[in-house]
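[1] Got a predicted structure here, sequence first:
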Amino acid sequence: MPCTVIVGAFWGDEGKGKIISYLALKDKLDFCVRTGSVNAAHTVWINGKKYALHMVPAAFVYDKCRLLVAAGANIHVGRLLEEVELTKVNGRMGVDQNASIIEEKHSVQDKTSAHLKGLGTTGWGVGPALEERVRRTAKLAKDIPELKPFLTDGVAEVNDGLDAGKKVLLEGTQGFMLSLFHGTYPYVTGRDTGAAAIASEAGVGPTRVDDVLIVYKSFITRVGAGPLPGEMTKEEAVARGWFETAAGTGRDRRSAPFNFELAKKVAKINGATQSALTKLDCLFPKCQGARKFSDLPKEAKDFIAEVENQTGVPVVLVGTGPEALDIIDRR
Ligand code: IMP
Ligand code: MG
């Protein structure tokens, strides 16, 4: 803080939604800017209710936080409007006028284009929508009548906010290994998903970012095609309690154990200053619901120490359950 970028470490679904919702409540965030597009679902559990957010920032749980969609983001209008209703954020939701629009035709192209076949995309149309933006023929938020009540200069809002010492969180989506530049190409998404790109999408210069918080999950999952080092069978994942299905598409997630070498590499490339480690209770069931480091079993403490030693980055937040507040905060 005051300006923190949240980055997913691996192939997405590390629990960024949970970490962001915690920070929103705990740190009383003034601004949260959602990057990326509708392909990413951020799960937030608050007061026993589950939200899978594709457009509205996960910080919605703190009712004074101004919520923005970044200039570099790609907006699914129908989904945004639905989620604004669902989360009741009408008065504090803003959409950058320059964000581009993802349309139904893009989803059709995503599912039928020969060049995307076999990648296992989410099918929302993000790749084709970005292709159109690069061609300079995409619609922008300012062209869409339904978005008029939300239009803003989000870049100015956030930079003025930083000038005034406000707390800003830049919400990355997906994971670093899905980055168009640094991931497992061609099995990647249509954009860079790293810390620098998240700041760029939001229109925040690199020198204005104070912290890069990288989110690791205690094991690794991946949906869609492409390499996954250490991949195990579904049966084994079920037996270990690691089997998950995707929040956005409902597909089975593939799983693998935590990868220290990869964790170290992504920390370095993203310039991480802090990390969060989620779902520790899936690795060590005795951690479930713990909110104090001293309550953790020795194996869990040792695992956290190993992540810190190998990545060189302090693990400041540890997730021990699905609710926003199921966190050990070591800051
Ligand atoms: P696309 O982003 O829909 O084009 O999909 C490209 C690849 O990224 C596919 O393997 C997807 O499964 C994966 N992917 C895209 N968004 C997410 C996400 O939010 N979480 C996990 N995987 C994702
Ligand atoms: Mg997700």
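    That came in fine, so what should we check first? Residues are numbered from 1 along each chain as shown. Ligands and ions are numbered 1, 2, ... in the order given.
[2] Let me see the contact set for Val95.
    Counting by C-beta atoms under 8 Å, 6 or more residues apart in numbering, Val95 touches 68-69, 75, 80, 141, 147, 150-152, 154. Every C-beta, even on glycine, is put in place using the N, C-alpha and C of the backbone.
[3] Which residues of the stretch 201-331 of the chain lie near ligand 2?
    Contact residues (C-beta under 5 Å from the ion) of the stretch 201-331 of the chain with ligand 2: Ala247.
[4] So which bits of the stretch 201-331 of the chain are right by ligand 1?
    With the criterion set to C-beta under 6 Å from any ligand atom, the stretch 201-331 of the chain comes near ligand 1 through 223-224.
[5] where exactly do the strands run in the stretch 201-331 of the chain?
    Here the stretch 201-331 of the chain has its strands, by DSSP state E, counting those that start in this stretch, at 211-217, 219-222, 254-257, 274-278, 315-319, 327-329.
[6] What average pLDDT does the shortest one get?
    Translated: strand 327-329. Mean pLDDT, strand 327-329: 98.
[7] how far does it sit from the chain's center?
    19 Å (C-alpha atoms, centre = their mean, to the nearest Å).
[8] in its sheet, what does that strand sit against?
    strand 315-319 (antiparallel) (DSSP bridges).
[9] Let me see the contact set for the most centrally placed residue in the chain.
    Nearest residue to the geometric centre of the chain (C-alpha atoms, centre = their mean): Thr173, 3.1 Å. Shown in contact with Thr173 (C-beta under 8 Å, 6+ apart): 8, 12, 16, 34-37, 39-40, 42, 193.
[10] Tell me the spacing between it and Asn74.
    10 Å (C-beta to C-beta, to the nearest Å).
[11] Find the residues that touch each one of these two.
    With C-beta under 8 Å, 6+ apart, Thr173 and Asn74 have common neighbours 36-37.
[12] Could you work out the end-to-end span of stretch 44-58 for me?
    Terminal residues of stretch 44-58 lie 7 Å apart, using C-alpha to C-alpha, to the nearest Å.
[13] Which residues does it contact?
    Residues contacting stretch 44-58 (C-beta under 8 Å, 6+ apart): 16-18, 20-21, 24, 32-34, 38-43, 60-61, 65, 67-69, 75-76, 79-80, 83-84, 86-87, 89, 93, 171, 247-248, 322-324.
[14] Over to stretch 298-310?
    Stretch 298-310 has contacts (C-beta under 8 Å, 6+ apart) with 216, 218, 258, 260-261, 263-264, 275, 277, 280, 283-284, 286-287, 293, 296, 314-315, 318.
[15] Mind doing that once more with 6 Å?
    Here stretch 298-310 makes contact (C-beta atoms under 6 Å, 6 or more residues apart in numbering) with 260, 264, 280, 284, 287, 314-315.
[16] mind putting the contacts of Val95 in JSON lines, distance to His182 included?
    Formatted as JSON lines, those follow (distance: C-beta to C-beta, whole Å):
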{"residue": "Leu68", "distance to His182": "25"}
{"residue": "Val69", "distance to His182": "24"}
{"residue": "Ile75", "distance to His182": "25"}
{"residue": "Leu80", "distance to His182": "28"}
{"residue": "Ala141", "distance to His182": "28"}
{"residue": "Leu147", "distance to His182": "32"}
{"residue": "Phe150", "distance to His182": "32"}
{"residue": "Leu151", "distance to His182": "33"}
{"residue": "Thr152", "distance to His182": "31"}
{"residue": "Gly154", "distance to His182": "26"}
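[17] Would you reformat those residues as CSV and include pLDDT and distance to Gly161?
    As requested, the contacts of Val95 are arranged in CSV below (pLDDT from 0 to 100; distance: C-beta to C-beta, whole Å):
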residue, pLDDT, distance to Gly161
Leu68, 99, 10
Val69, 98, 15
Ile75, 98, 21
Leu80, 98, 22
Ala141, 98, 20
Leu147, 98, 21
Phe150, 98, 17
Leu151, 98, 18
Thr152, 98, 12
Gly154, 98, 10
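[18] Now intersect those with the strands, please.
    68-69, 75, 151-152 (DSSP state E).
[19] Am I right that Arg34 is in contact with Leu170?
    No - at 8.9 Å, Arg34 and Leu170 do not qualify as touching, with contact defined as C-beta atoms under 6 Å.
[20] Farthest pair within the contacts of stretch 298-310?
    Pairwise distances across the contacts of stretch 298-310 (C-beta to C-beta) peak at 23.3 Å, for the pair Lys264 and Cys287.
[21] quick one: which of those two has more around it?
    Cys287 (25 against 16; other C-beta atoms under 10 Å).
[22] State the distance from the nearest residue to that one once chain neighbours are set aside to ligand 1.
    Leaving out its chain neighbours, the residue that sits closest to Cys287 by C-beta to C-beta, 6 or more residues apart in numbering is Asp281, at 4.5 Å. Separation of Asp281 from ligand 1 (C-beta to the nearest ligand atom, to the nearest Å) stands at 21 Å.
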